[in-house]
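1. Turn this into a structure:
(chains A and B)
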Amino acid sequence: MLDIRFVRKNIDVIKEALEKRRADIDVDLFLRLDAQRRKILSELEQLNAQRNKLNTEISHLKRHGEDATGLIQTLKEISVKAKSLDETLSQIQSQIQDWLMQLPNIPHASVPVGKDESENVVVKMWGEKPAFSFPPKPHWEIGEFLKILDFKRAAKITGSRFVVYRGLGAALERALINFMLDLHVKRHGYTEIFPPFVVNEESLFGTAQLPKFKEDLFKIEGEKYYLIPTAEVPVTNLHRDEVLKEEDLPLKYVAYSACFRAEAGSYGRDVRGIIRQHQFNKVELVKFTTPESSYEELEGLLADAEEVLQMLGLPYRVVTLCTGDLGFGAAKTYDIEVWVPSQETYREISSCSNYEAFQARRANIRFRRKGAKKNELVHTLNGSGLAIGRTVVAILENYQQKDGSVIIPEVLRPYLGGIEKIEAAA
RNA sequence: GGAGAGAUGGCCGAGUGGUCGAAGGCGCUCGCCUGCUAAGCGAGUGUGGGGUUAAAAGCCCCACCGAGGGUUCGAAUCCCUCUCUCUCCGCCA
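-> Got it, this is the predicted structure:
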């Protein structure tokens, strides 16, 4: 959410941002509602001030045992008027709130202008794509051959877009989680969080999944709870309605969680394999920073996520999302895309974003500078570090051998009891 | 799931219809005093919104005593619903 006063005073900036994003939102509606709101608000407040004055007089009279019938009559009339104004006001206010909730963040000046995904800008290439002496297999074939991924039984026990990891597959998933957590905690200085995987509506409003993206979420029937689509939600909301201390910033958290996504509207995309699942694991990085340091911290966050791929020896590239592809609440986003040999393409494995104060305003996360009177909103950032399932895809495909086995990257071996490769069970 | 108790400012805690944004204490900030980083004295110390302003400060006004609704001329105080916390019982990894 953006600051209503900022919007009011910078309507041209808003219009330009919406145009760059190719978003169609009625800005004039806002201006009309806002003008109405302020007019009614000041009328109402004048009435209230009048009422408060008369009330004081009445209480004086009453305490001296004098008659206040006339004043009470006047007050009755004022109260009736105030009540109806109040109703009108709250209607307008909720309309304004709805409008503001629909308004996306303003892209940062450094974000390239573009219409869609095709105009994202590659800013970095890392690693060498593996050269195979045979046609590389897709990860689902490798996984089934090695009996580490079981799609059939997952479909039986749950449904499509679910998978069962078995044996070394399950161990690999667990190893990756531990490896990434250890890296970010011990080397990058993040604090580990193990959050609830279920959250309430307020949290989802705070991080801007609601109200716009309800159809992407799993809701628990009969409860007010939702399954989290990412650990970003519980971790960012850790400090909802809090005032942080300047000296504690930046706060850096890393959290493992399962993530649940309805994937509505993605029928037919990535139907095979584990690229797109209803449930997947992810290690997420979240930062709370001062406004002036958030872009520096974004670069740091990106580097922390990249290091995972570097240590695993997986080739990747980094792209800056253009304005047309930028997520709703983000001011700037880097995607890290890992090389997937069977598809001969790079696939997103991490998305690192600076939300500036967009989430902080919704979630009311502030900080106070030393000696300052006023609280300010923090900036929030987050990024995957990394998506576990897609990392498994990358490992299986990039490290596959001609005989169908898969070499384990060295850094993972201590997490897998020292084994060097996954082979077909005898 | 059943029964009961509670939710007030950074913290503790008073306040059962009118002068309450809220006593008192603690903490914190500033000042004074004191021949030691103590004690004492004085003042200040919530958040959000609207107006005034080029802007800020300041000033004026409004709202907020877990949340939402209601009664009333008037609600922290009365009524209803919800949420959370605590105690006991039941169930349970």
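2. count of neighbours near the one residue in chain A that gets nearest to RNA strand B?
-> RNA strand B sits closest to residue A:59 of chain A, with a gap of 2.6 Å, by Cβ to the nearest atom of the strand. Any C-beta I mention is one placed from the backbone N, CA and C, and that applies to glycine too. Other residues lying near residue A:59 total 11 when counted by other Cβ atoms under 10 Å.
3. Name the residues of the host helix or strand of it that are buried.
-> When elements are defined using DSSP states H and E, residue A:59 is found to belong to helix A:27-63. Neighbour counts over helix A:27-63 (16 or more other Cβ atoms under 10 Å) mark A:30, A:33, A:34, A:36, A:37, A:40, A:44, A:47, A:51, A:54, A:58, A:61 as buried.
4. rewinding a little: distance of the residue of chain A closest to RNA strand B relative to residue A:204?
-> Distance from residue A:59 to residue A:204, counting by Cβ to Cβ, to the nearest Å: 45 Å.
5. quick revisit: what spatial separation is found between the residue of chain A closest to RNA strand B and residue A:51?
-> With the distance defined as Cβ to Cβ, residue A:59 ends up 13 Å from residue A:51.
6. who in chain A is up against RNA strand B?
-> Chain A comes close to RNA strand B at residues A:4-5, A:38, A:41-42, A:45-46, A:48-49, A:51-53, A:55-56, A:58-59, A:62-63, A:72, A:75-76, A:78-79, A:90, A:366, A:373-375, as judged by Cβ under 7 Å from any atom of the strand.
7. Tell me, how many residues neighbour the residue nearest to residue A:22 when sequence neighbours are not counted?
-> For residue A:22, the nearest residue in space outside its immediate sequence neighbours is residue A:324; the separation is 5.1 Å by Cβ to Cβ, 6 or more residues apart in numbering. Taking other Cβ under 10 Å as the criterion, the count of residues near residue A:324 is 19.
8. in terms of contact, does residue A:324 touch residue A:120 like I think?
-> No: the pair formed by residue A:324 and residue A:120 falls short of the contact definition of Cβ atoms under 8 Å, at 9.0 Å.
9. Please enumerate the shared neighbours of these two.
-> Jointly contacting residue A:324 and residue A:120 under the rule Cβ atoms under 8 Å, 6 or more residues apart in numbering are residue A:114.
10. ok so, going back, now the common contact residues for residue A:59 and residue A:51.
-> Jointly contacting residue A:59 and residue A:51 under the rule Cβ under 8 Å, 6+ apart is no residue at all.
11. Surely residue A:11 and residue A:31 touch.
-> Yes: applying Cβ under 8 Å as the test, residue A:11 and residue A:31 come out as touching, 6.8 Å apart.
12. residues touching residue A:142, list them.
-> So residue A:142 contacts A:396, A:397, A:400, A:404, A:406 (Cβ under 8 Å, 6+ apart).
13. Quick check: pLDDT value at the fourth one.
-> Note on residue A:404: pLDDT of 94.
14. Pull the number of nearby residues for residue A:277.
-> Other residues within reach of residue A:277, judged by other Cβ under 10 Å, total 20.
15. List the contacts of the closest residue to it other than its chain neighbours.
-> Counting by Cβ to Cβ, 6+ apart, residue A:161 is the residue found nearest to residue A:277 once chain neighbours are left out, at 5.2 Å. The neighbours of residue A:161, taking Cβ under 8 Å, 6+ apart as the test, are A:263, A:271, A:276, A:277, A:278.
16. On the three-state scheme, the residue nearest to residue A:24 when sequence neighbours are not counted is what?
-> Counting by Cβ to Cβ, 6+ apart, residue A:18 is the residue found nearest to residue A:24 once chain neighbours are left out, at 7.4 Å. What DSSP: H, G, I helix; E, B strand; the rest coil gives for residue A:18 is helix.
17. who's in contact with residue A:18?
-> Under the criterion of Cβ under 8 Å, 6+ apart, the contact list for residue A:18 reads A:24, A:25, A:27, A:104.
18. re the thing from before, and the least confident of the buried residues of helix A:27-63?
-> By predicted confidence, those are weakest at residue A:61, whose pLDDT stands at 82.
19. Residue A:68 is in contact with that one, correct?
-> Yes: with the criterion set as Cβ under 8 Å, residue A:61 and residue A:68 qualify as a contacting pair; they are 4.3 Å apart.
20. phi, psi of the residue nearest to residue A:22?
-> Backbone torsions for residue A:324, taken as degrees, to the nearest 10, come to phi -80, psi -20.
21. any idea of the pLDDT on it?
-> 95.
22. how about the host helix or strand of residue A:170: buried residues?
-> Assessed by DSSP H and E, residue A:170 sits inside helix A:168-182. Using 16+ other Cβ under 10 Å as the burial criterion, the residues of helix A:168-182 that qualify are A:168, A:169, A:171, A:172, A:173, A:175, A:176, A:177, A:179, A:180, A:181.
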